[in-house]
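Asker: output the structure for:
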Amino acid sequence: MPATKARSARDGRGKRLRIRSLAVAKSAAPESAEITVGKASFEAFRQNRGAFRKMLSTYADAVAKAERLGRPLELVIQVRPDRAAPVIEERAADGDALDKALAAARARGVQQVAEILKSPDMVSAREFGKLIGASHETVNQKRKVGELLALEGATRGLRYPRWQVTEDGRPLPGLAELTKALGGGPWTVYRFLLQPHNELNGRTGLEALKANRVEAALETARSIADGAFA
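Answerer: Okay, here's the model as predicted:
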């Protein structure tokens, strides 16, 4: 970091502080700039030139680093009453803190998905086919048209919830229409099926479909989708 020197000149408002930068390269010409500060401020700078030089150097380093990283940095300067050298701490700016919080939330989401998919209720297409008396090819075809719900994670592949089979061994009635009404992906359907809804008298979507209250479930799904895009 280039060294800095300061000297003053009087004017009507106080003192002009001239900051002179001595370039590291011998062939480079030194640069200087002047700023006006109050007399008390100048006196503080004059009595603690080392602290002033440290603050300028730290600020310049932070500017260069922020430009290099393409994100804001935050400098916290702690000034002591005994005029000792200030403590300067570099912290993540709010944007970085938000990025970290979002990354942590995504990590928690990935972990939660993994926990759901390793549940005994989640089975492969071949295992699910045995529950409804169909081949795994038929199961895959029904999934593609929305008649069956399958969830996918990072490592376990597609898994079919066992609970989407009725007591008489059939897939849930109205699931394809429900998927279309919600307008989201499989995890949107999953949440709708397992959450209780006031419009269904506190029943979950799954309970409503198993009770053959398909139209009521569809109306609830449409109102949720309309609210999401209002």
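
Asker: okay, and the beta partners of Thr204?
Answerer: Beta-bridge partners of Thr204, counted by DSSP bridges, are Pro196.

Asker: distance of it from Lys118?
Answerer: Going from Thr204 to Lys118 by Cβ to Cβ, to the nearest Å gives 22 Å. Yep, even glycine has a C-beta here, placed from its N, CA and C like the rest.

Asker: and those two? Which one has more around it.
Answerer: The residue with the greater number of neighbours, taking Thr204 and Lys118 and applying other Cβ atoms under 10 Å, is Thr204; the counts read 16 against 13.

Asker: okay but that one is in contact with His197, surely?
Answerer: Yes: distance between Thr204 and His197: 7.2 Å, which falls inside the contact criterion (Cβ atoms under 8 Å).

Asker: helix or strand: which one has Gln111?
Answerer: Using DSSP states H and E, Gln111 sits in helix 94-117.

Asker: err, Ser119, not the other one
Answerer: With elements taken from DSSP H and E, nothing contains Ser119; it lies in neither a helix nor a strand.

Asker: what is the neighbour count of it?
Answerer: Counted by other Cβ under 10 Å, the residues lying close to Ser119 total 11.

Asker: how does this structure divide up, domain by domain?
Answerer: Per automatic domain parsing, the structural domains of the chain span 3-70, 120-228.

Asker: those: lowest mean pLDDT?
Answerer: When mean pLDDT is averaged over each of the domains of the chain, domain 3-70 scores lowest at a mean of 59.

Asker: let me see the ranges of the helices in the protein.
Answerer: In chain order, the chain shows helices spanning 39-47, 49-69, 94-117, 125-132, 136-144, 175-182, 186-194, 205-210, 214-228, with DSSP state H as the criterion.

Asker: most packed of those helices?
Answerer: Neighbour counts (mean count of other Cβ atoms under 10 Å) averaged over each of the helices of the chain peak at helix 205-210, with a mean of 22.

Asker: format the helices of the chain as TSV; extra columns: distance to Ile77.
Answerer: Conversion of the helices of the chain to TSV gives the following (distance: least, Cβ to Cβ, whole Å):
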stretch	distance to Ile77
helix 39-47	13
helix 49-69	7
helix 94-117	18
helix 125-132	62
helix 136-144	60
helix 175-182	53
helix 186-194	47
helix 205-210	56
helix 214-228	46
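
Asker: and of the ones you listed, who's closest to Leu151?
Answerer: Nearest to Leu151, of all the helices of the chain, is helix 186-194, at 5.4 Å by Cβ to Cβ.

Asker: what angle do that closest one and helix 214-228 make?
Answerer: Between the axis of helix 186-194 and that of helix 214-228 there is an angle of 130 degrees, by axes from the mean of the first three to the mean of the last three Cα atoms, to 10 degrees.

Asker: what's helix 186-194 packed up against?
Answerer: Helix 186-194 is packed against strand 151-152, helix 175-182, helix 205-210, with contacts defined by 3 or more Cβ pairs under 8 Å, 6 or more residues apart in numbering; DSSP states H and E.

Asker: again, only this time at 10 Å
Answerer: Helix 186-194 sits against helix 94-117, strand 151-152, strand 158-161, helix 175-182, helix 205-210, helix 214-228, with contacts defined as 3 or more Cβ pairs under 10 Å, 6 or more residues apart in numbering; DSSP states H and E.

Asker: now do it against helix 175-182: the angle between them, please.
Answerer: Orientation check (the same axes, to 10 degrees): helix 186-194 against helix 175-182 gives 110 degrees.

Asker: hmm, Leu172 is touching Arg162, no?
Answerer: No: in this structure, Leu172 sits apart from Arg162 without contact. The criterion is Cβ atoms under 10 Å, and the distance is 11.7 Å.
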